[in-house]
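Colleague: This is a predicted model, with the sequence first.
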Amino acid sequence: MALDFWEHSPEVRRLFELAAESTGKNMQALLRDADAATLKRTDVSQPAITLANLSAAAYLAEQGLEPAGAAGFSLGEYAALVTGGVISPEDCFRLVTARGKAMQESADRLGSGTAAPGMAAVIGLAPEQVESLIAVWQADGISGLYAANINSTGQTVVAGTSEALAVAVSRFKDAGARRVLRLQVAGPFHSPLIRDAAEQFLPVLESVMFRDPVIPLYSNVTGGVLNTGAEAKQRALEQITQPVRWLDEERAIAAQKGIAGVLETGPGTVLRGLWKDAGSPLPCESAGTIAAIDQLLRSLGPIQT
């Protein structure tokens, strides 16, 4: 993850140094040698994934590809904030390191094992139906269940207490869900259950300057465009406990005038799949490795800079 960029780009090597300064870790060694259990910890994964996202964006810029807009899913929104000129890379690593630490400590306080709060993917129900069912069940006295990631027209991730998730699995299936899958995550993210993480993160967030975006920049919290730096900072705090409205974001991006397609500039291809599910005619290409980017550049031909 991102090591191919490190080998080819001086700017990426600078990003590795900045990430190391914020985390106190040798990021090259971490990404090369760490096992899956270590990388799963959100206090480790957040700076590591952000480094991979920014490395891909930096390499794209070096090849002459500049974005017409930017968005990021959950943690990815911080790399988008850098790309949109809102925060510096230095501040970005400081923020995601503090965010990861706060969220991991919140998850640790909530407990571990099968009785711990967590998240589950509800597949086969519309997001509106999932949110409506949760509201009805809350009125019936079932607390501690929240829509967390609005991923597609047929997939919503919910966060909740162990008790709420146990009840919800059967109820969602009774309502017509094809599957309800418990996710292997550290905690019930993007829900009020980790409100203490937002409180812990706030002083660090307040210390960072947020500038107005220089390109269209989209918000997980609203699904629409962020207009000012002040709004971006407020949404960054809210994002910890509010759902990621990714489907709304995708629709807003697709409606932006003057774009020919979108790139997934980070590890994996999950967002490319979600973009396809959203039904936009605009293409979405993977750009998370040098090999993928070089293939993309060959298909585009000479770029006018």
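Modeller: It's in.
Colleague: where along the chain do the strands fall?
Modeller: Using DSSP state E, the strands of the chain run over residues 118-123, 145-152, 155-160, 179-182, 262-264, 284-286.
Colleague: tell me the most buried of the ones you listed?
Modeller: strand 155-160 (a mean of 26; mean count of other Cβ atoms under 10 Å). Bear in mind the C-beta positions are built from the backbone N, C-alpha and C, glycine included.
Colleague: next one: that strand to chain centre, how far?
Modeller: Relative to its chain's centre, strand 155-160 lies at 15 Å (Cα atoms, centre = their mean, to the nearest Å).
Colleague: going forward can the numbers begin at 44, since that is how I track them
Modeller: With the count now opening at 44, the last piece we talked about shows up as strand 198-203.
Colleague: Make CSV from the strands of the chain and add distance to Val139 to it.
Modeller: Formatted as CSV, the strands of the chain follow (distance: least, Cβ to Cβ, whole Å):
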stretch, distance to Val139
strand 161-166, 20
strand 188-195, 18
strand 198-203, 20
strand 222-225, 26
strand 305-307, 19
strand 327-329, 22
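Colleague: Please write out the alpha-carbon positions of stretch 255-263 in CSV.
Modeller: Output of stretch 255-263 as CSV, limited to C-alpha atoms (Å, rounded to 0.1, in the frame of the first residue of the first chain):
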residue,chain,number,x,y,z
ASP,A,255,-12.1,27.8,1.7
PRO,A,256,-12.0,25.0,-0.9
VAL,A,257,-10.4,25.9,-4.3
ILE,A,258,-12.4,23.2,-6.1
PRO,A,259,-15.8,21.6,-5.5
LEU,A,260,-15.5,19.5,-2.3
TYR,A,261,-18.2,17.2,-1.1
SER,A,262,-19.4,16.4,2.4
ASN,A,263,-20.1,13.0,3.9
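Colleague: Would you format the strands of the chain as TSV with distance to Gln147 and mean pLDDT included?
Modeller: Listed next are the strands of the chain as TSV, based on distance: least, Cβ to Cβ, whole Å; pLDDT from 0 to 100:
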stretch	distance to Gln147	mean pLDDT
strand 161-166	14	96
strand 188-195	17	98
strand 198-203	16	97
strand 222-225	19	96
strand 305-307	26	97
strand 327-329	29	95
